[in-house]
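A.B. asks: Fold the following.
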Amino acid sequence: MQITVAGEKKEVKDGLTLPELIEQENVETPEYVTVSINDEFIETEAKATTVLKDGDNVEFLYFMGGGSYGING
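C.D. replies: I've put the predicted structure just below:
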């Protein structure tokens, strides 16, 4: 089956689970990544049981913390 991961089309096995995809994609700190499939966020509790379907569009989102820089002083 074919899915899109971060804008790149990929051929993957039928019945691929989200945890398998995360491993295949070498996602850094998978416990902190937010995943959206077809523009819908996947709850942390549902990640382990989510099975991908042909045509799914998967995005991995990393939220970064940090300070702000003052502009003009």
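A.B. asks: neighbours around residue 16, how many?
C.D. replies: Using other CB atoms under 10 Å, residue 16 is surrounded by 18 other residues. (Each C-beta comes from the backbone N, C-alpha and C, glycine too.)
A.B. asks: host element of the most centrally placed residue in the chain?
C.D. replies: Nearest to the mean C-alpha position of the chain, by CA atoms, centre = their mean, lies residue 60 at 2.9 Å. Per DSSP states H and E, residue 60 falls inside strand 57-61.
A.B. asks: partners of that strand in the sheet?
C.D. replies: Strand 57-61 has its sheet partners listed here by DSSP bridges as strand 2-5 (parallel), strand 34-37 (antiparallel).
A.B. asks: packing partners for the helix or strand that the last one is followed by?
C.D. replies: With elements assigned by DSSP H and E, the helix or strand that comes after strand 34-37 is strand 40-41. Taking 3 or more CB pairs under 8 Å, 6 or more residues apart in numbering; DSSP states H and E as the contact definition, strand 40-41 has no neighbouring helices or strands.
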